[in-house]
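Enquirer: Have a look at this prediction, sequence included:
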Amino acid sequence: MEYLTIKLKKKKGLGLAVVGGRDNPYPGGNGNGIYVSKVTEGGAASEGGIMVGDLICAVDGMDLGNCTHSAAIHALSNCTDTPTFQIGRAKKKSRNSMRSESVSRGAATTVSEQAELEQLTGPADNATFLISAAGSGSAGGAAADGASSATAAAAAA
């Protein structure tokens, strides 16, 4: 894993959704971390280089390594207008490396990017939160326009 420091400039929120936390460990992750499950194209996270699958270690100096999901949503919703993220990112395997692993398992083709994305984002029933323009998280795979089925503010209360 490589570690990066990424500084963002908020637009209409951060433009990302997250999964995981001490109370809701992400099955595709390593431990209780907070992982990026969605990045809105053209949003602050996208323009800053945050990617789906990134581990958010800290935001504005607040450690998110062993926090609950609602505490992470609170920290992300209330960060500064120019937050600094400490990100952990898995090193990408080369296509040749993936092909050789695939062949060694007896498969005829490489792992598709779609399968990798599904592995990173986890099962559909896993709760995801989008940090919306209003600064509150919304549950249930909410749309980038801020539509939601519940707010993280209620979860954080």
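Expert: Thanks, I have the structure now.
Enquirer: Are we agreed that Ser46 is in a helix?
Expert: Yes - checked against DSSP: H, G, I helix; E, B strand; the rest coil, Ser46 lies within a helix.
Enquirer: contacting residues for it?
Expert: Contacts for Ser46 were tallied using CB atoms under 8 Å, 6 or more residues apart in numbering; they are 15, 39-40. Heads up, the C-betas are built off the backbone N, CA and C, glycines and all.
Enquirer: Please report how far it lies from Asp63.
Expert: Ser46 sits 24 Å away from Asp63, going by CB to CB, to the nearest Å.
Enquirer: Looking at the contacts of Ser46, which is nearest Gly53?
Expert: For these, the residue nearest Gly53 by CB to CB is Val39; the value is 9.8 Å.
Enquirer: got the contact list for the closest residue to Thr82 other than its chain neighbours?
Expert: Nearest residue to Thr82, sequence neighbours excluded (CB to CB, 6 or more residues apart in numbering): Lys9, at 5.4 Å. Residues in contact with Lys9 (CB under 8 Å, 6+ apart) are 44, 47-48, 81-82.
Enquirer: Just the buried residues of the residues you listed.
Expert: 44, 48 (16 or more other CB atoms under 10 Å).
Enquirer: mind listing the helices in the protein by residue range?
Expert: 44-48, 69-77, 95-104, 113-121, 152-156 (DSSP state H).
Enquirer: Among the ones you listed, show the one with the smallest mean pLDDT.
Expert: Lowest mean pLDDT of these: helix 152-156, a mean of 33.
Enquirer: Distance of Gly48 relative to Met62?
Expert: Counting by CB to CB - Gly48 and Met62 are separated by 17 Å.
Enquirer: got the contact list for the nearest residue to Leu16 once chain neighbours are set aside?
Expert: Closest residue to Leu16 apart from its sequence neighbours, by CB to CB, 6+ apart: Ala45 at 4.0 Å. With contact taken as CB under 8 Å, 6+ apart, Ala45 is in contact with 8, 14-16, 36, 39.
Enquirer: pLDDT weak spots in the chain?
Expert: In the prediction, the chain carries residues with pLDDT under 70 at positions 93-157.
Enquirer: Appreciated, that's everything.
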